[in-house]
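> Sequence first, then the predicted structure, then my questions.
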Amino acid sequence: MSAPGTERTESQVRIDRAATAQLSAMAAEGGRVLAVSEELAPLTHRRCVGVRSERDGNIEWPALLRALDAADPNYRNRSPNVNAGRDPTMPTIRVELFEGRTPEQKRALVAAITEACVRTIGASPNPGG
């Protein structure tokens with residue numbers, strides 16, 4: 001908890017993030033100031049913060065629900081605990097990769113991560129123990 005009078009507003013946090021990003025960009029460019037075009041600034045702002053109306057997301061949310069229904073219509077009937085019945089010793093690990101990896105490379109990565117968990121923390125490689 002912050003001391004009274006030292007809390008930062010959301011705007012101050014955003015300004016701080018923007019300044020940090022600009023300073024990092026300037027450092028990469030040898031100290032040159034990188035100006036954002038007049039056309040790009042409002043577009044970027046709208047994409048980052050929306051238009052601050054109650055309708056932000058009203059178009060996207062139904063589309064996302066339709067996509068989820070199409071991908072797995074039974075998701076609504078599942079337990080909210082997605083880890084129910086899983087081995088508690090096997091951690092949930094999220095990996096993000098750039099495009100271009102083959103299915104074989106992805107399977108090899110999963111196998112290597114699983115093997116490392118089994119070897120280092122004693123997790124069970126099989127679902128359910």
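That came through, no problem. Residues are numbered from 1 along each chain as shown.
> Could you look up the SS state of the spatially most central residue of the chain?
The centre of the chain sits closest to Glu96, judged by Cα atoms, centre = their mean, with a distance of 9.4 Å. On the three-state scheme (DSSP: H, G, I helix; E, B strand; the rest coil), Glu96 is labelled coil.
> Before we move on, what's the pLDDT of it?
Taken from the predicted model, the pLDDT recorded for Glu96 is 86.
> Quick check: the gap between it and Leu109.
If you measure Glu96 against Leu109 using Cβ to Cβ, to the nearest Å, the figure is 12 Å. For glycine as for every other residue, the C-beta is placed from the backbone atoms N, C-alpha and C.
> and Met26, how many neighbours?
13 (other Cβ atoms under 10 Å).
> what do you get for Met90?
Counted with other Cβ under 10 Å, the neighbours of Met90 add up to 19.
> Next up, the contacts around it.
114, 117, 123-125 (Cβ atoms under 8 Å, 6 or more residues apart in numbering).
> ok, back up a step: any idea how far Glu104 is from the residue nearest to the centre of the chain?
Distance from Glu96 to Glu104, by Cβ to Cβ: 19 Å.
> Repeat that for Glu39.
When distances are taken as Cβ to Cβ, Glu39 and Glu104 turn out to be 44 Å apart.
> next one: Thr89
Taking Cβ to Cβ as the measure, Thr89 falls 28 Å from Glu104.
> Neighbour count for those two, which is higher?
With other Cβ under 10 Å as the criterion, Thr89 and Glu104 differ in neighbour count, and Thr89 comes out ahead with 12 against 8.
> Pull up the per-residue confidence for that one.
70.
> Who are the contact partners of it?
Under the contact definition (Cβ under 8 Å, 6+ apart), the residues listed for Thr89 are 121-124.
> Mind giving me the ChimeraX command for buried ones among those?
To isolate the buried members of the contacts of Thr89 in ChimeraX, using 16 or more other Cβ atoms under 10 Å:
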select :123
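> Of the contacts of Thr89, which belong to helices?
Ile121 (DSSP state H).
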